[in-house]
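[1] Below are the sequence and a predicted model for it; my questions follow.
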Amino acid sequence: MNGVLRFRGWMPLALLTALILGLGAFATVRQDAFLTEYNIQNLLLTTLPLALVAIGQTNALLVGGFDVSVAALMTLCVVTASYTMQEGDTWPMLLVGALALLGLGLATGVFNATLIHVLRLPSIIATLGTLSILAGASLLLRDHPEGFISSDLIEVLTTSVGFLPVAFVGVVVLAVLADVWLYRTRTGLALRSVGLDETSSRRLGMGTGRTIFLAFVVCSVMASIAGFYSAAQVQIGSPIIGNYALESIAAAVLGGASLAGGRGSFVGALLAALFLALIGNVLPLFQQPTEYAQMTIGGLILLALVLYQSPELLSRLRSSWGGVGRLGTRRGDAPAG
Amino acid sequence: MSTPGPDGPIVLSLRGVSKAFGAVQALRDVSFDCRAGEIHALVGENGSGKSTLLGIASGFLAPDEGILEIGGRRRRRGSPAEARRSGLGIAYQTYSHVLDLSVAENLYLALPRNLRPAFGRMQSWAATKLDAFGLDVSPAVVVGTLSLAQRQLLEVVKALLIEPRVLLLDEPTTALGPDEVAQLHALVLERSRAGVGVVYVSHRLPEVLGIADRITVLRDGVGQGTYGAAGMSEDSLVALMIGRPLTLAFPERDADDRPAEILLHVAGLSGDRFGPIDLAVAKGEILGIAGAEGNGQTQLLRALAGVEPKTGTASCNGHRLDTRSPLAALRAGVVLLSGDRARESLFPVLSVRANTTIQVLGRFGRLGLLSRRHERRTVDDLARRLRIRMASREQPVQSLSGGNQQKVSLTRPFLRGDVRVILAEEPTQGVDVGARFDIYEALRAKASEGVAVVVKSSDPIELAGLCDRVVVMSRGRIVDEIQGGDLGERRIVEAIVGSGVARARA
């Protein structure tokens, strides 16, 4: 019961649902072009890559880390797809190409996890290095957008029933199952425990190293799957795709993930991804420059951090009043007396 | 079925164990065993190798040499998980709780897979277990909101949950008041009668003598022998621990009866879990604050240091004390020696030198650059004066023993010329016997210089020996004041217990 039902866990989900419905309702009333089958399908398809990578990123955040290499990995996946899954390729060739992309995700994940777990590098530094390597590799393969990606593949990936892409339903089911796993099973509890307090978890006999390792591997594999949907969107081997590193962390945090680890929600990450995509979808309808979307996202991350992590922040603010920032944030020294 | 008592089979055995960390030989050819049904205490100063020995027994550390057997089976290099599977339960001195998870979740995670209940039944299962162990906390409560005493008892419960054949307790009573110590000891005795071998590590020698069947003493990583508890006294144990008889436990009080000049004046002070408090501390006086754990003593001290919010007034030397922040309090000459040294007083990874001089670096500056020579000389002088035992002044503070860490945090009031009030929270918690006297002496020396010292301690012997006057707190208020000829351990304990009785009647 507890965990899922804690107020703090539900707040991001409720807030995001309200924001999505609110913004959606506003756009529906003001712009006829919004609530059309074509636009909603387009919105959901735009959501997919971000949702997938945000779900992956949530794993990294849950164990108290970051993975900033996801965007570079997605780009490399798109570029690779423009070689291995070209227009006119047959299905067996496409299957091999798809496995190549997943293999790329797995290899990157193992590489990151090794840097972080075995060599003990801080995750943000380790994945920053990986980012640079992958970005360089992408530019080596395609220094400008070139090479059409198989339209057969894109058609399968974006199969929709009316306005609803089948893949989107799949991601919703995945996120719900992942949340049930996270909050209703022993291994889910163990993952949160490792993120909250690694030393205690190790003392309790948990395989903390294995957990952290797996979290980063899953994050990269999810990013490579997100790469498929990025490829379906850009349809060409482009070495420049969206700012998914920041946006995936933004979505995960808006969805309730704590930067300190141990807290987060996969459904929350999905809802946040939908909300961020919705902002990008609605602004052009109102003839507003999409640059506003980027600024809005930045503002929202800060807002989310303040709202969700307010207990820690408040006590930090209170004690930093006099210039000493770290005192007073010590938790739990209050006896029950 | 094993026979309980000293003749039971050996459930934990370490033979000829040695372990070095770099150049430091932490253990040298130490042998230790624990029989089913006995309570075998392990005593020694900090840095004597107790923690290393426990680390090896629990599978956290691999010995360089020697043999470890749990339940008669030989272990070469284990993991905590493996040691747990072979029937070893351990309660860590610094706990193994995940503070943001609930009590039930922590208990659940403490179990190996085969003993875990179904995930959905966790709450009711935890409630049953807590009830069985007599721990009065709700399973749904987040561990971070429990008092330190409750957390410590929970740590022991976690170790007991796996139904161990060997139970290692590392300083299990540091946060406990007398009632809780009695509760814990009842639990431990009951387990040992049921045939569990208990290894009990503690600094509190009266406790050790009260509960142990056998006692093994370590000094500088070398075993000093194993003795029947019945034939030992505190004096004889201390002599073995420090290698010399302990002649004087507390420094002399200042003899002169100069007129009391009030330095710290507190009126109607209230805050989280305490108040209203009226208090006056004179120049040169050491005031003790006693009370059962969790009655606002800590909060009072921290409020005075500007770490916790409060209302009411406090003045120092006639000036109203600005305690809106630790920095303001410090500027007014109020220094807090936190009970949580590693996190609040010290920079654990920095050297002894850096930790000593960090507040007064300006003094060592010349044209904006530090004069290392000047700084080194100052640090060396203070290290000698406070008898800090260290390999070098560049040694990270985290590698020092608890007593030496506390001495490093004590260097700061010595360096600052403007200190008027020292607030010491459990100044000798986790500090070995030898170093305790040095700390008492340092506090007394500051008092003699005209500083007002306030000591919050859960050790009545310490309060009786060190302080000039002791106030007893209960439910956030001062309920008793003891001084002069009355001041003694027994009187303090009676006051604490008495206030508990009054509370029960109310």
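    Okay, I see it. Numbering: from 1, shown residues only, chains lettered A, B, ... in the order given.

[2] Going by proximity to chain A, name the top residue of chain B.
    B:Ser325 (1.8 Å; Cβ to the nearest Cβ). In short, each C-beta sits where N, CA and C put it, glycine included.

[3] wait, that residue sits on B:Gly306?
    Yes: in this structure B:Ser325 lies within contact range of B:Gly306 using Cβ atoms under 8 Å: 5.1 Å.

[4] More neighbours: which of these two?
    Between B:Ser325 and B:Gly306, counting by other Cβ atoms under 10 Å in any protein chain shown, B:Gly306 is the more crowded of the two (29 against 21).

[5] what's the spacing between that one and B:Val421?
    Counting by Cβ to Cβ, to the nearest Å, the separation of B:Gly306 from B:Val421 is 12 Å.

[6] Need the residues touching each of those two.
    B:Val334 (Cβ atoms under 8 Å, 6 or more residues apart in numbering or on different chains).

[7] what's the closest non-adjacent residue to A:Arg202?
    Excluding the flanking residues, the one nearest A:Arg202 by Cβ to Cβ, 6 or more residues apart in numbering or on different chains is A:Thr208, at 4.8 Å.

[8] State the number of residues packed around the one you found.
    Quick note: A:Thr208 (other Cβ under 10 Å) scores 23 neighbours.

[9] now do the one 3 residues further on
    Residues near A:Thr211, counting by other Cβ under 10 Å, number 21.

[10] Tell me which helix or strand it sits in.
    According to DSSP states H and E, A:Thr211 maps onto helix A:208-234.

[11] same for that helix, what does it pack against?
    Counting contacts by 3 or more Cβ pairs under 8 Å, 6 or more residues apart in numbering or on different chains; DSSP states H and E, helix A:208-234 packs against helix A:37-62, helix A:70-84, helix A:91-113, helix A:151-157, helix A:186-196, helix A:198-203, helix A:244-254.

[12] surely B:Thr173 meets B:Ala149?
    No: applying Cβ under 8 Å as the test, B:Thr173 and B:Ala149 come out as separate, 9.3 Å apart.

[13] Those two: which is more packed in?
    Shown here are B:Thr173 and B:Ala149; by other Cβ under 10 Å, B:Ala149 has more neighbours (25 against 22).

[14] give the contact list for that one.
    Counted by Cβ under 8 Å, 6+ apart, B:Ala149 has contacts A:Pro335, B:Ala175, B:Leu176, B:Gly177, B:Glu180, B:Glu293, B:Gly294.

[15] mind running it again at 6 Å?
    B:Ala175, B:Leu176, B:Glu180, B:Glu293 (Cβ atoms under 6 Å, 6 or more residues apart in numbering or on different chains).

[16] Lowest-confidence one in these?
    Least confident by pLDDT among the contacts of B:Ala149: that is B:Glu293, with 73.

[17] phi, psi of it?
    Note on B:Glu293: backbone dihedrals following degrees, to the nearest 10 are phi -50, psi 140.

[18] Just give the number of residues close to it.
    So B:Glu293, with other Cβ under 10 Å, has 21 neighbours.
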